[in-house]
Structures are given as C-alpha cells and as structure tokens.
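# need a 3D model of the following:
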Amino acid sequence: MIDPAPNPVSDSEADVSQLVFAGYLDEIEPEGCDVMQIGGQSIALFRHNGGVFAIDNRCPHMGFPLNQGSVQCGILTCHWHHARFDLASGGTFDPWADDVRAYPVHMENGEIYVDLTPPSTPAADRYRSRLSEGLKRNLSLLIGKSVIGLHASGASEQIALTAGALFGTEYSNMGWGSGLTILTAMANILPELSGEDRSRALYHGLRHVAQQTAGRAPAFMLDPLPTSETQPEVLKSWFREFMEVRHRDAAERILSTAIRARLPMPVVADMLFAAATDHVFLNGGHTLDFVNKAFELLDRIGWEHAESILSSLVPELANARRSEETSGWRQPIDLVELHSAATRELPELIARGRTSPSPWNERAQLVDALLLDDPVKCIGALKAALADGASFEQLASAVTMAAARRIARFRTSNEFGDWITVLHTFTYANAVEQAMRRSPSVELLRGVFDAALSVYMDRFLNMPPAPLPQPKETREITASSFLAELDSQSHVNEAAQFVADWLASGQPDNELLAVLGSALLREDAEFHTYQMVEAGFRQYRTLRGTEDGRIVLIAVARYLAAHSPTTRATGQTYQTALRLHKGESLYAD
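Numbers count the residues shown, from 1 in each chain. Next comes the predicted model:
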C-alpha cells in the first residue's frame with residue numbers, strides 16, 4: 001500500500017494571521033497523536049508519514065474519540081465500531097460511518113496552525129447530499145443527522161420532503177407504498193408538532209422510504225403516447241379500461257399523456273379516483289388512500305413532480321385486490337350487489353337533492369344510522385340524505401365520523417389484529433372525504449358507499465360498544481402523565497380518559513395534539529399507526545370544539561395506547577444523531 005502525501009504544508013504561502021495556532025511539532029511524538037481544544041472544538045493532531053493531519057476528534061458514527069484509534073498506511077481506524085477513514089481527507093471507507101471533517105494544516109518554523117475556515121459549500125447543500133447518501137444506502141443514522149442538520153441550517157422542510165418523495169418513486173419499480181404514505185402523513189401533521197418533533201417526523205418518514213426501496217430495482221418511466229388526443233373524458237375512459245384488465249404499461253402511458261398535456265390537477269385526480277373506485281374497497285382501502293396521499297404530497301412539493309409521483313401509483317392500482325372477489329363482501333349478505341344497486345340510483349338521487357328546498361343538516365342522525373346492524377338501512381340512510389340535498393362532502397364526512405366511532409368504542413376483548421380492521425375503514429373513509437374536497441364526482445361518491453358498508457362489516461367489534469370516557473375533575477393533566485400511561489401495555493382506557501380530561505380542563509388543544517404526536521414519534525410505529533394519527537389530526541382540524549372532535553381524538557389515543565410501548569429503537573437512533581449534532585459525548589454516558 002502506498003502511503004499518502006502529508007497534509008498541505010507551507011512555510012511562506014500561508015497567511016498565518018488567518019490560522020489558529022495548535023502547538024509545536026516537537027510536542028507530538030512521531031506517529032503519535034495529540035488532542036487540542038481549538039476554536040471550541042476538539043481536534044486530533046496526528047503526526048504520520050512525515051506530516052501532521054488535523055481531524056475532528058469525534059467519530060461521526062457514534063462520537064468515540066478518534067485519538068484512541070490507530071493509524072496505519074494513512075488509514076485511521078476507530079476502535080469502537082472499526083470505521084475507517086482516510087486520514088488526509090476525512091473520507092470514510094465505510095459509508096455507514098459518514099465522513100469526518102479534516103482541517104488543512106500549515107507549518108511555520110515548527111509551529112502548527114490549523115485552518116478552521118468553514119467549508120465553502122453551504123451547509124444545506126452538504127446535508128442534502130448526505131441525505132441522498134443515507135436514502136440510497138438505507139442508513140438511518142445518516143438520515144437522522146442530515147435531517148437535523150438541514151433544520152439547524154435553516155433550510156426549508158420541503159428540501160428533505162422533496163428528496164424523499166423523488167427518491168421513493170425513482171428507486172422502486174414496485175411503485176407507491178407504505179414508505180411514501182408515511183412520509184406524506186408525517187408532512188401533513190407537521191403543523192401540529194412542536195419544536196424538535198418536526199425534524200423527528202420527517203426522519204420517521206424518510207427512514208421508511210429508505211427501508212422500502214432498499215434492494216429494489218429502480219423504476220423506469222414510460223414515455224407518453226405520441227398522440228394529439230387530450231380530451232379528458234377520452235383519456236379517463238382509456239385509463240379506466242386498461243386498469244380494468246390490469247395493463248400497467250398502457251395505463252402509465254395514458255396518465256403521462258394527461259399530465260404532459262397540462263390537464264388541470266382536478267381533472268387528473270378525477271381520472272385516478274375513478275379508477276380507484278371502479279372496484280369495491282380496493283386492497284382493503286389502501287389503494288384510494290395511497291392515491292389521495294400522492295396528491296397531498298404534490299401539494300407540498302409542487303405539481304412539476306406530478307408525472308413521477310403519480311406514475312408510481314399505477315402498480316398499486318393495477319395489482320390491488322378487489323373486495324368483490326372476497327367472501328366477506330358476498331356472504332352471508334351480498335354487499336357488492338347492494339352497493340351496485342345503490343350506485344345505479346345515484347344520478348336520480350343527485351337530481352332530487354338539487355331540488356331540495358332547504359339545506360341538509362341531519363349529520364348526527366346519519367352517523368347513528370350508519371352504525372346500525374342492518375346494511376340495507378345504512379345504505380338507505382345514505383340515499384335518503386343524498387335525495388334530501390346532502391352534498392357529496394357531507395356524506396363522506398358523516399361516514400368518516402361513523403368509522404371513527406368504531407375505533408373510539410372498540411372492545412379491547414377483541415383480537416388485537418382487529419384494531420387494523422377498524423383502522424382500514426377509518427383511513428379509507430378519510431381518504432374519500434379528502435379526495436371529495438379535491439375533485440368531487442359521481443364515481444368517487446361510490447367510495448362513500450364502500451366506506452359505509454365497511455363500517456357495517458366492523459359492527460361486531462363494537463358489541464357491546466366500549467363506553468366513552470367522561471371527564472374527571474380531580475386528575476393531573478400533563479404531557480408527561482400521558483406519555484407515562486403509554487409506557488405500559490394496554491392502557492387503552494387510561495389514554496382515552498386522559499384526552500377527555502384534557503379537553504374538559506380548558507387547556508389548549510394544540511398542546512394535546514403535540515403530545516399525541518410525540519407519543520407516536522417515540523415508538524417504532526408500524527404503518528397503520530402513522531395512518532391513524534394523521535387521519536385523526538386531519539379530521540380534528542374540521543371538528544375542533546365539537547363532540548365529534550373529542551371522539552376522534554379519543555380514537556387516536558386509544559389506538560396509540562393499544563400499540564405502545566415498542567422497543568423504541570427508531571427513537572434511539574434519532575437521539576444519537578441529535579446528540580452528535582449537539583456535540584455531546586455519547587461514549588461517556
């Protein structure tokens with residue numbers, strides 16, 4: 001192995017007045033090391049191969065003192081995890097460790113000077129580059145350090161979000177999945193989070209994107225069709241037809257054609273939402289939620305990324321399991337036929353509703369009807385409301401509320417896995433509601449009926465319904481007391497009681513949301529828990545100050561408590577990244 005050249009040294013070219021004196025050459029033994037506190041930083045000075053090298057004394061991986069490492073042939077090895085670095089440049093041979101900063105050294109008559117001039121590359125650009133590396137190699141610690149660094153540099157949160165979004169779509173030929181959904185969900189709840197939790201939320205999302213793309217082949221987008229056809233109704237018809245027969249390539253080219261033709265966002269959204277509701281409750285409700293999340297992501301990173309983001313939805317739409325093919329929707333009552341019969345009546349019901357003499361305001365009665373143990377009556381209540389003038393959005397909102405009540409009153413004596421059953425209905429109903437605000441249509445209205453029938457199918461999980469908590473006057477209401485409840489398993493009712501007491505106490509509800517967000521982010525949450533919190537927060541924004549809003553937050557707290565605590569390894573990695581950023585000595589705990 002060839003020894004490297006020593007660090008740049010000079011006797012006359014260096015402007016010594018601009019450098020920091022670090023000591024004398026003869027004070028460092030040949031092939032030895034000395035540690036200096038220079039400019040408030042701990043810097044290791046290595047005398048090796050005839051030169052002096054200065055590097056940050058903290059290993060970038062876990063902060064171990066590098067002066068306790070060893071140097072051979074120009075390679076510095078940290079003995080804690082055996083990360084190896086080029087002594088001259090600080091570059092690592094082990095990407096999981098990250099590069100360590102090296103400082104130029106100048107010599108003047110046996111005196112050592114270190115140049116502490118900050119790097120010329122802006123901090124935001126450096127951290128964005130490191131984030132890219134962390135995503136590519138699925139390095140959670142590097143992702144955490146990059147997100148924290150971007151935040152500290154004052155960079156917009158959109159930088160990390162955009163990087164994760166484009167990486168997640170480009171590097172997975174399987175298309176949109178749970179990782180991008182979690183990333184979008186975390187971006188959506190940022191307004192409710194406080195301080196450090198904002199970076200922590202993005203870290204959670206980016207980490208899941210990296211995990212989902214790890215080891216997968218990249219996606220290669222197809223070119224749009226060489227056609228002059230730009231009529232929205234034609235492209236929509238083509239897209240749905242090819243989705244019906246699961247022809248991914250054809251559907252992707254049509255979608256790209258629509259976007260390149262600069263069709264308005266609501267028109268493109270209508271195309272995708274229609275395809276996502278051409279079959280009943282696609283993929284247990286996930287498909288429509290994924291489509292909705294993709295548009296919410298574009299709201300944040302810009303429509304210019306529409307082609308890559310929306311094209312990633314095609315595999316999910318083409319491969320999704322269709323609920324009409326499952327026995328649960330066919331027996332003992334054929335819910336699919338009930339659904340089909342109702343949706344055939346939609347044009348007539350809508351026409352009748354337009355002639356209604358007064359605004360519709362029977363939301364509470366509709367929610368109660370949707371919780372009945374009779375699917376015919378449930379669907380009948382929806383049809384009656386539509387004929388009485390209820391808007392599409394009002395119907396969707398009522399169904400979402402009914403789904404939230406299933407979670408708020410879920411019996412803990414049920415199978416643990418059934419939490420996900422009621423979760424699927426709630427997040428699907430929420431997705432339909434949010435999509436309806438973006439691009440309402442008769443086709444999307446079918447999703448309201450899907451969700452209502454799923455609410456009916458979940459009825460046994462509320463038999464008998466768990467009681468809703470009533471506020472207690474004598475109780476300590478603090479964030480720490482709530483988090484303490486979630487340090488023990490199955491404190492579902494205690495968590496619900498906390499929410500009821502907090503809201504009754506008059507304390508700011510934005511602080512309660514921040515506590516719920518912190519409870520999520522300290523856990524190794526699984527996919528559905530992220531969905532639950534995001535959908536609950538979204539619902540609460542429109543229901544704040546109402547009994548329905550209280551029930552939604554009770555549902556969120558109960559779901560969180562049912563899935564806590566975990567091993568919290570995710571949070572430990574993030575905390576390590578944060579402590580490294582602050583310059584703390586992890587090894588000296």
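
# for the residue sitting furthest away from the middle of the chain, phi and psi?
Among residues of the chain, the one most distant from the C-alpha centroid is residue 109; the distance is 56.4 Å, by Cα atoms, centre = their mean. Main-chain dihedrals, residue 109, degrees, to the nearest 10: phi 50, psi 50.

# go on, residue 106?
phi -130, psi 140.

# OK, contacts around the nearest residue to residue 440 once chain neighbours are set aside?
Of all residues not flanking residue 440 in the chain, residue 392 sits nearest, at 4.8 Å (Cβ to Cβ, 6 or more residues apart in numbering). Where C-beta positions appear, they are placed from N, C-alpha and C, glycine not excepted. Neighbour list for residue 392: 436, 440, 444, 445, 448 [criterion: Cβ atoms under 8 Å, 6 or more residues apart in numbering].

# so which elements touch the helix or strand hosting the fourth one?
It refers to residue 445. Per DSSP states H and E: residue 445 is located in helix 442-457. The contact analysis (3 or more Cβ pairs under 8 Å, 6 or more residues apart in numbering; DSSP states H and E) places helix 442-457 against helix 265-276, helix 335-344, helix 346-354, helix 363-370, helix 375-387, helix 392-408, helix 418-438.

# check which helices and strands the last one sits against.
Using 3+ Cβ pairs under 8 Å, 6+ apart as the contact criterion, the secondary-structure elements in contact with helix 418-438 are helix 265-276, helix 286-301, helix 392-408, helix 442-457, helix 527-543, helix 547-562.

# from the chain's centre, how far out does it sit?
In terms of Cα atoms, centre = their mean, to the nearest Å, the centre of helix 418-438 is set 17 Å apart from its chain centre.

# the fourth one now?
For helix 363-370, the gap between its own C-alpha mean and the chain's C-alpha mean amounts to 32 Å (Cα atoms, centre = their mean).

# need the contact list for the spatially most central residue of the chain.
Nearest to the geometric centre of the chain sits residue 183, at 2.1 Å (Cα atoms, centre = their mean). Contact partners of residue 183, counting by Cβ under 8 Å, 6+ apart, are 161, 164, 165, 168, 202, 205, 206, 208, 209, 297.

# quick check: which element contains it?
Assigned by DSSP H and E, residue 183 falls in helix 178-188.

# what's the longest strand in the chain?
For the chain, the strand with the greatest residue count under DSSP state E is strand 41-48.

# which element follows that one toward the C-terminus?
strand 51-56.

# what are the buried residues along the helix or strand that that following strand is followed by?
Per DSSP H and E, strand 51-56 leads on to strand 70-72 as the next helix or strand towards the C-terminus. Buried residues in strand 70-72, defined by neighbour count with 16 or more other Cβ atoms under 10 Å: residue 71.

# hang on, the earlier thing: got a winner among the contacts of residue 183 for most neighbours?
residue 164 (32 neighbours; other Cβ atoms under 10 Å).

# count the neighbours of the spatially closest residue to residue 256 that is not a sequence neighbour for me.
Leaving aside its sequence neighbours, residue 256 sits nearest to residue 224 (Cβ to Cβ, 6+ apart; 4.1 Å). When neighbours are counted by other Cβ under 10 Å, residue 224 registers 17.

# OK, contacts around residue 224?
Contacts of residue 224 (Cβ under 8 Å, 6+ apart): 253, 256, 257, 259, 260.

# dump the residue contacts of the fourth one.
Residues touching residue 259, when contacts are defined by Cβ under 8 Å, 6+ apart, comprise 224, 268, 306, 307, 310.

# please flag which of the residues you listed sit within helices.
With helices taken from DSSP state H, the overlap with the contacts of residue 259 comprises 268, 306, 307, 310.
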